[in-house]
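Undergrad: this one's sequence-less:
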């Protein structure tokens, strides 16, 4: 028996006064009088515990807004886009002059069973974040894999501006080569401006430092005075922004019909990048779109003078059994014919850009040529 029922029974059966019962049990007299009124009106049912929820809430949103929130949520999910409360609020602000707040939208999604609170999730305030101060101060780049309709794996190369999160390039390749990276970077720079620095992992298409060489991307950036940075091995968090972009991109692709070709996949990516850059609000940049954040500030530029990395080199090599030596130019290996009569002899290559002179062990001139970068084998004329 709860206290309310006990107090009513004591008052009616024993004739004890309301004031006496209130003082003895530490309750207010008005509560006992309220219980008496309910008991006389409804009988035993009037003494049952009742909800403290108010009968009317002036700040509660209308059913129209609730239905609109759920409609926008489903539309975004069906299209493979982000459908969080911030994004929904941004879309509603284009339709209504006074849309619900982000907190209200979240509560509606929670009440309708669309989201589940995660009280044990690590708070965002505990993360140590880095963000470039200006657009084009730093670009992040990385490659991820995507499956086509027939199960074939292709690669997608992405470039992201660190400050604004703007996707400056997203290109599909069957296998991404170092030359593909350079072409994509150059095209993106023509559209958005050259960055002051670029950040990538230690993949072979980005760097050749681990094999004591220079990759095409490294050569391109050195020539333009752009600083090239690399993440620590097995530490993808350094390139976290482009890694997070991969997740958003793949979430969109999962909702599309699997592409049958790289060309069809590229069209899907182009649609996604347009929405991501110009429509989708980004939480990390105060709910602005990436294009808004990119255009809001002055653009950074390369701070260093360019270096002629294909300038002067001296290389010692040995002629192979077929009468040729090898030379790497812009991360591409070229074979240079000098003749079978020099097979297994030591030679010296004097390299000045694409102008190459080859000398034998006695420093006698063997061959001079201008390297053709489009040919793997430089035949003798």
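TA: Sure, I can see it. As the structure is a prediction and not an experimental result, all values here were calculated from the model.
Undergrad: ranges for the helices of the chain?
TA: Along the chain, counting by DSSP state H, helices occupy 3-14, 18-25, 29-42, 63-79, 85-93, 102-111, 178-192, 216-223, 240-254, 262-278, 290-295.
Undergrad: Spit out the contact partners of the residue nearest in space to the middle of the chain.
TA: By CA atoms, centre = their mean, the chain has its centre lying nearest to residue 245, at 1.9 Å. Residue 245 makes contact with 158, 160, 165, 167, according to CB atoms under 8 Å, 6 or more residues apart in numbering. C-beta here means a position set from N, CA and C on the backbone, and glycine is covered the same way.
Undergrad: Of these, just say which sits nearest to residue 368.
TA: Residue 368 has its nearest neighbour among the contacts of residue 245 in residue 158, at 42.9 Å by CB to CB.
Undergrad: residues in contact with the closest residue to the closest one other than its chain neighbours?
TA: With sequence-adjacent residues excluded and distances taken as CB to CB, 6 or more residues apart in numbering, residue 158 is closest to residue 170, at 5.1 Å. Residues in contact with residue 170 (CB under 8 Å, 6+ apart) are 156-159, 249, 269-270, 272-273.
Undergrad: To what extent is residue 316 buried, counted in neighbours?
TA: Residue neighbour count, defined by other CB atoms under 10 Å, stands at 8 for residue 316.
Undergrad: For residue 3, see how far away it is.
TA: Distance, residue 316 to residue 3, using CB to CB, to the nearest Å: 98 Å.
Undergrad: on that earlier part again, ok, of the contacts of residue 170, which come out buried?
TA: Buried by 16 or more other CB atoms under 10 Å: 156-159, 249, 269, 272-273, out of the contacts of residue 170.
Undergrad: Quick one: residues in contact with the helix or strand bottoming out on mean pLDDT in the chain.
TA: The helix or strand of the chain with the poorest confidence is strand 312-318; it has a mean of 78 (mean pLDDT, DSSP states H and E). Strand 312-318 is contacted by residues 325-327, 344-352 when judged by CB under 8 Å, 6+ apart.
Undergrad: any low-confidence regions in the stretch 1-150 of the chain?
TA: 1, 54-64, 118-129 (pLDDT under 70).
Undergrad: ok, and the closest non-adjacent residue to residue 73?
TA: Of all residues not flanking residue 73 in the chain, residue 83 sits nearest, at 5.0 Å (CB to CB, 6+ apart).
Undergrad: my read: the one you found touches residue 70, true?
TA: No. With contact defined as CB atoms under 8 Å, residue 83 does not reach residue 70; the gap is 10.5 Å.
Undergrad: what about those two, which has more around it?
TA: More neighbours surround residue 83 than the other of residue 83 and residue 70, with 20 against 15 (other CB under 10 Å).
Undergrad: got a list of what that one touches?
TA: Taking CB under 8 Å, 6+ apart, one finds 72-73, 76-77 in contact with residue 83.
Undergrad: what two of these are the furthest from one another?
TA: 72 and 77 (9.7 Å).
Undergrad: Looking at these two, which is more packed in?
TA: Legend: neighbour count by other CB under 10 Å for residue 72 and residue 77, higher for residue 72 (19 against 14).
Undergrad: any idea how far residue 39 is from the more buried one?
TA: Counting by CB to CB - residue 72 and residue 39 are separated by 49 Å.
Undergrad: Ok, residue 292 next?
TA: Counting by CB to CB - residue 292 and residue 39 are separated by 63 Å.
Undergrad: Ok, residue 295 next?
TA: 69 Å.
Undergrad: And the two? Which one has more around it.
TA: Higher neighbour count among residue 295 and residue 39: residue 39, with 19 against 13, using other CB under 10 Å.
Undergrad: The more buried one contacts residue 5, correct?
TA: No. Counting by CB under 8 Å, residue 39 sits too far from residue 5 to count as a contact (9.0 Å).
Undergrad: anything in contact with each of those two?
TA: residue 47.
Undergrad: Which residue ranges make up the domains of this protein?
TA: The chain is divided into the following domains under automatic domain parsing: 3-47, 63-116, 139-295, 312-378.
Undergrad: nearest residue to residue 257 other than its sequence neighbours?
TA: Nearest non-adjacent residue to residue 257, counting by CB to CB, 6+ apart: residue 149, 7.9 Å away.
Undergrad: And for residue 179?
TA: Per CB to CB, 6+ apart, closest to residue 179 is residue 216, 5.7 Å.
Undergrad: Assess the claim that that neighbour and residue 181 are in contact.
TA: Yes. Between residue 216 and residue 181 there is a contact under CB under 8 Å: 7.0 Å.
Undergrad: Looking only at neighbour counts, state which of the two leads.
TA: More crowded of residue 216 and residue 181, by other CB under 10 Å: residue 181, with 26 against 23.
Undergrad: Residue 299 versus that one, what's the distance?
TA: Relative to residue 299, and taking CB to CB, residue 181 is found at 22 Å.
Undergrad: Over to residue 106?
TA: Distance, residue 106 to residue 299, using CB to CB: 36 Å.
Undergrad: Give me the more crowded residue out of these two.
TA: Per other CB under 10 Å, whichever of residue 106 and residue 299 has more neighbours is residue 106, with 20 against 17.
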